[in-house]
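Student: One predicted model, sequence on top.
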Amino acid sequence: MKRRVFQLSLTAAAMAFSTSAFAQAKWDLATAYPATNFHTVNISQFAADVDKASGGKLKITVHANASLFKAPEIKRAVQGGQAQAGEILMANFQNEWQIFGADGLPFLADSYDESAKLWKVQRPVVEKKLAEQGLMVLFAVPWPPQGVYSKKPLNSAADLKGIKWRAYSPATARIADLVGAQPVTIQAAEVSQAFATSMVESMMSSGSTGADAKLYEHVKYWYDTQAWLPKNALLLNKKAFEALDKPTQDAVLKAAADAETRGWAASKVANTESLDKLKAGGMQILPAPAALKTDMKKVGDTMLKEWTEKAGPEGQALVDAFKR
């Protein structure tokens, strides 16, 4: 009898251990940006918050700097379950669905307040679209306002004609077309090398991207055009989320809400710090000349018209809701 009780106890202990082991989940989270970038720092804090709030039941490993998947591959990888979560620049996927590119339209939303207003009307339709693809969006955080990097001084858009221009999204490629530049597709992890070897001579991007890539070593000028604030979104495989127990799901959602609030604040800090870093490295941080700003505004007007035509009633409704 005692032996029987002992065997039952061992069986119960084994089952309890098995249940505990089964309850712990491990996720891979792919991002294309360096570990020191404010987006990645924020995501790493999100992972740590989930670990703590879930009591260790969910462990998230952050793979930075495109070490797991390159930027264009991340969405598909999360959708297919090769990674449970991943960070994307939404504007990169405009060709798939025009609404993804709304925050990459020059001068539509050109400040943090305007960007937050755009996300408020953009988020519900983005969530609906991603749900159809087996995905969730946990949070989105904007990059600082975009300016123009150039190896040579610029006075107007005419100075960009023929220049090799880094394109990383449909919108940035279209800007090149409209100003007569030569678009060259370069991902974030390759920016420093591209400028060092003169594969590209100019681009439109934030101070944060330039500071990450130490572009002050290769580029002389950054013009503050305040063109747009594209957002990075953290996507999650819906099945992976649904496999979690309710308390762990709640921990993920709470940590995501905190990460969004923290990330927007961090973006504002990164904007100031990155421009200071570029200036300290020898880059000239300049206001956009009037002619350059006027020319780029015309580019933005053209692109908004083209985008609205492609996006159809859904896109027009979004722009109308944003402008109310």
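Tutor: Nice, thanks for sending it over. Numbers count the residues shown, from 1 in each chain.
Student: residues in contact with the closest residue to residue 289 other than its chain neighbours?
Tutor: Spatial nearest neighbour of residue 289, chain neighbours left out: residue 155 (5.1 Å); criterion: C-beta to C-beta, 6 or more residues apart in numbering. For the C-beta atoms, the positions are set from N, CA and C on the backbone; glycine is no exception. Applying C-beta atoms under 8 Å, 6 or more residues apart in numbering to residue 155 gives the contacts 289, 291-292.
Student: Just the buried residues of those residues.
Tutor: 289, 292 (16 or more other C-beta atoms under 10 Å).
Student: Can you tell me which of the contacts of residue 155 lies closest to residue 122?
Tutor: residue 292 (28.0 Å; C-beta to C-beta).
Student: Now do the domain split for the chain, please.
Tutor: Annotated domains of the chain cover 24-144+230-274, 147-228+283-323 [automatic domain parsing].
Student: Would you format these as TSV with mean pLDDT included?
Tutor: Converted to TSV, these look like this (pLDDT from 0 to 100):
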stretch	mean pLDDT
domain 24-144+230-274	97
domain 147-228+283-323	96
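Student: Which secondary structure state does the residue lying closest to residue 98 once chain neighbours are set aside sit in?
Tutor: Leaving aside its chain neighbours, residue 98 sits nearest to residue 311 (3.7 Å; criterion: C-beta to C-beta, 6+ apart). Assigned by DSSP: H, G, I helix; E, B strand; the rest coil, the conformation of residue 311 is helix.
Student: and residue 311, what does it touch?
Tutor: Neighbours of residue 311 in contact, by C-beta under 8 Å, 6+ apart: 98-99, 318.
Student: What are the phi and psi values at residue 60?
Tutor: phi -110, psi 120 (degrees, to the nearest 10).
Student: Grab the nearest non-local neighbour of it.
Tutor: residue 47 is the one closest to residue 60 (C-beta to C-beta, 6+ apart), at 3.9 Å.
Student: Nearest residue to the middle of the protein?
Tutor: residue 232 (2.0 Å; C-alpha atoms, centre = their mean).
Student: is it true that residue 316 touches residue 308?
Tutor: Yes - Residue 316 is within contact range of residue 308, at 5.6 Å (criterion: C-beta atoms under 8 Å).
Student: Which stretches in the stretch 101-250 of the chain count as strands?
Tutor: 135-142, 147-150, 164-167, 182-185, 202-205, 221-224, 231-237 (DSSP state E, counting those that start in this stretch).
Student: what's the second one packed up against?
Tutor: If I follow you right, that is strand 147-150. strand 202-205, strand 221-224 (3 or more C-beta pairs under 8 Å, 6 or more residues apart in numbering; DSSP states H and E).
Student: still on that earlier bit, any idea how far the residue nearest to residue 98 lies from residue 91?
Tutor: Between residue 311 and residue 91 the computed distance is 13 Å (C-beta to C-beta, to the nearest Å).
Student: which residues in this protein form helices?
Tutor: All helices of the chain, identified by DSSP state H, fall at 2-23, 38-53, 74-79, 112-132, 170-179, 191-196, 207-212, 238-242, 246-280, 290-323.
Student: Please identify the most buried of the ones you listed.
Tutor: helix 207-212 (a mean of 25; mean count of other C-beta atoms under 10 Å).
Student: picking up where we left off before, could you export the contacts of residue 311 as a markdown table, including distance to residue 199?
Tutor: Output for the contacts of residue 311, formatted as a markdown table (distance: C-beta to C-beta, whole Å):
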| residue | distance to residue 199 |
| --- | --- |
| 98 | 29 |
| 99 | 31 |
| 318 | 35 |
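Student: Contacts only, for residue 214.
Tutor: Taking C-beta under 8 Å, 6+ apart as the test, what residue 214 contacts is 192, 281.
Student: wouldn't residue 81 be in contact with residue 237 here?
Tutor: Yes - under the criterion of C-beta under 8 Å, residue 81 makes contact with residue 237 at 5.6 Å.
Student: which one is residue 193 nearest to, not counting chain neighbours?
Tutor: Using C-beta to C-beta, 6+ apart, the closest residue to residue 193 is residue 199 (7.6 Å).
Student: and that neighbour, how far is that from residue 221?
Tutor: 18 Å.
Student: The two: which has the busier surroundings?
Tutor: Under the neighbour definition other C-beta atoms under 10 Å, residue 199 and residue 221 were set side by side, and residue 221 has more, 17 against 14.
Student: List the beta-bridge partners for that one.
Tutor: With DSSP bridges applied, residue 221 shows beta-bridge pairing to residue 150, residue 284.
Student: Who are the contact partners of it?
Tutor: Counted by C-beta under 8 Å, 6+ apart, residue 221 has contacts 148-154, 283-284, 286.
Student: if we go to 7 Å?
Tutor: 150, 153-154, 283-284, 286 (C-beta atoms under 7 Å, 6 or more residues apart in numbering).
Student: I'd like to know which of these is nearest to residue 58.
Tutor: Nearest to residue 58 among the contacts of residue 221, with distances taken as C-beta to C-beta, is residue 283, at 41.7 Å.
Student: can I assume residue 292 is in contact with residue 158?
Tutor: No - applying C-beta atoms under 7 Å, one finds residue 292 not in contact with residue 158, separated by 9.4 Å.
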